[in-house]
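Asks: Pasted the sequence and its predicted model underneath.
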Amino acid sequence: ELGDYRHYMLKEIYEQPQAVQKTLEDRLDINSIKQCIMGDNVAEILKQVEEVQIIACGTSYHAGLIARYWMESLTDIPCQVEVASEYRYRRQVPRKNMLFVTISQSGETADTLAALEKAKKDGCLASLSICNVAESSLQRESDFSLMTIAGPEIGVASTKAFTTQLVTLKLLIGLLMQAKGGQSEAVASLVEDLKKLPVLIEQALEHDKAIEVMAEHFIEKHNALFLGRGDQYPVAMEGALKLKEISYIHAEAYPAGELKHGPLALVDSEMPIVAVAPNTSLLEKLKSNLEEVRSRGGFLYLFADKTSGIAPQDNIQVIEMDEVPESIAPIIYTIPLQLLSYHVAVFKGTDVDKPRNLAKSVTVE
Ligand code: F6R
């Protein structure tokens, strides 16, 4: 089943163009999203939604965090995101007409299931699961479901499940926009960008060799910082989680604007700093954050848009990424971070597909 791939994780990273394609297949019309993908009469429910609460764990939680940036930039619906193990044990102030969304690759994560039970008891408007496994507990317990069509994910470190979750969250946001009405141009542009994804992911994968060369620099390191701004901050969080779980290097993500409030003290020549820098409205802000790091002797590893004007220097390595629409940049910039942690782990000789102490499906509290 592995074919020419050395590990399932690498195979699954490379399957992402097809996984995304499948997740979009039969779900899009020319300028809109097919309303039926979430079931009949769903528009009536979505029209009533006044709040969205997203619950998940780990990588799936990071997908939720990105979706919040998207949801609140494209709709007027407030969106909250929380890890399941926190949500389930605290009281929430009741919110009116809340759509409760769970995200899970396995659909069997115990804390996520418990959070769903709680939300149902507290009286949410409707529950929706975004899962990769059909007939999973989470899907069965939810009113609605939107599947990710990533295919089986064997590697413990989640890769294609994450990018297809992001695609599916886009579909959900599009459905909400359609149900609320009056945004047909914005929906059309969302659909147009989604259709570009498979090709753009292929292009991102082409940096594999260069990223492998970059990865050698991390072998002897014990710590790494990951930086991003806006919807790239959760991308940085996901990059840090990947590095931690498969290469056992301690990694932390920060929103770049927070550096000066503490973590800058950690920066020296021993601390690699990874940053994702697409050409968005926040690029100039990010650049000045990166300068703060460079001027303190930090070594930067950047994944930057080729038009960003960031040039490689003695202590700056740059992988130049193709231009991508801002709206889907988090999906594209996830790819090189997956490859980076994969290659670091292979160099270090860890068990890439089965990292120590971790399980693929966390069915215990
Ligand atoms: C990280 C990873 C975990 C899972 C988390 C939730 O690579 O795989 O953090 O994302 O355990 O699992 P699911 O999505 O199955 O609920």
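Replies: Yep, that arrived. Numbering: from 1, shown residues only.
Asks: Run through the helices of the stretch 251-365 of the chain in chain order.
Replies: Secondary structure of the stretch 251-365 of the chain by DSSP state H, counting those that start in this stretch: the helices cover 283-294, 329-348.
Asks: Nearest to residue 154, out of the ones you listed?
Replies: helix 329-348 (14.1 Å; Cβ to Cβ). Yep, even glycine has a C-beta here, placed from its N, CA and C like the rest.
Asks: what mean pLDDT does the helix or strand containing residue 23 have?
Replies: Under the criterion of DSSP states H and E, residue 23 resides in helix 16-24. Confidence over helix 16-24, taken as the mean pLDDT, stands at 98.
Asks: Give me the contact list for that helix.
Replies: With Cβ atoms under 8 Å, 6 or more residues apart in numbering as the test, helix 16-24 has contacts from 147-151, 159-160, 163-164, 167-168, 171, 194-195, 197-199, 201-202, 205, 331, 335.
Asks: swap in stretch 197-209?
Replies: Stretch 197-209 has contacts (Cβ under 8 Å, 6+ apart) with 13-14, 16-18, 20-21, 24, 163, 167, 319, 321-322, 324, 328, 331-333, 335-336, 339.
Asks: Stretch 344-357 too?
Replies: Against stretch 344-357 from outside (Cβ under 8 Å, 6+ apart): 6-10, 154-157, 215-216, 218-219, 243, 245-249, 342.
Asks: what sits against the closest residue to residue 125 other than its chain neighbours?
Replies: Nearest residue to residue 125, sequence neighbours excluded (Cβ to Cβ, 6 or more residues apart in numbering): residue 97, at 4.7 Å. With contact set as Cβ under 8 Å, 6+ apart, residue 97 has these partners: 48-51, 125.
Asks: Next: residue 227.
Replies: Residue 227 sits next to 236, 253-256, 259, 273-276, 286, 289-290, 293 when contact means Cβ under 8 Å, 6+ apart.
Asks: Pretty sure residue 142 sits against residue 124.
Replies: No: taking contacts as Cβ atoms under 8 Å, residue 142 lies outside contact range of residue 124: 10.5 Å.
Asks: okay, how far is it across stretch 43-56, tip to tip?
Replies: One end of stretch 43-56 sits 24 Å from the other (Cα to Cα, to the nearest Å).
Asks: So for that stretch, mean pLDDT?
Replies: Here the average pLDDT along stretch 43-56 is 97.
Asks: buried ones in that stretch?
Replies: Within stretch 43-56, the residues that qualify as buried by neighbour count (16 or more other Cβ atoms under 10 Å) are 43, 45-46, 49, 51-56.
Asks: contacting residues around it?
Replies: The contact list for stretch 43-56, computed with Cβ under 8 Å, 6+ apart, reads 35, 38, 63-64, 67-68, 71, 77-84, 87, 95-104, 109, 112, 115-116, 119, 124-126, 144, 175-176, 178-180.
Asks: Turn the contacts of residue 227 into TSV, including neighbour count.
Replies: As requested, these are exported to TSV (neighbours: other Cβ atoms under 10 Å):
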residue	neighbour count
236	26
253	22
254	24
255	18
256	29
259	22
273	25
274	27
275	27
276	27
286	26
289	23
290	22
293	23
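Asks: With distance to residue 134 added, can I get the residues you listed in JSON lines?
Replies: Shown next, in JSON lines, are those (distance: Cβ to Cβ, whole Å):
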{"residue": "236", "distance to residue 134": "32"}
{"residue": "253", "distance to residue 134": "32"}
{"residue": "254", "distance to residue 134": "37"}
{"residue": "255", "distance to residue 134": "36"}
{"residue": "256", "distance to residue 134": "39"}
{"residue": "259", "distance to residue 134": "43"}
{"residue": "273", "distance to residue 134": "41"}
{"residue": "274", "distance to residue 134": "35"}
{"residue": "275", "distance to residue 134": "38"}
{"residue": "276", "distance to residue 134": "33"}
{"residue": "286", "distance to residue 134": "40"}
{"residue": "289", "distance to residue 134": "43"}
{"residue": "290", "distance to residue 134": "44"}
{"residue": "293", "distance to residue 134": "45"}
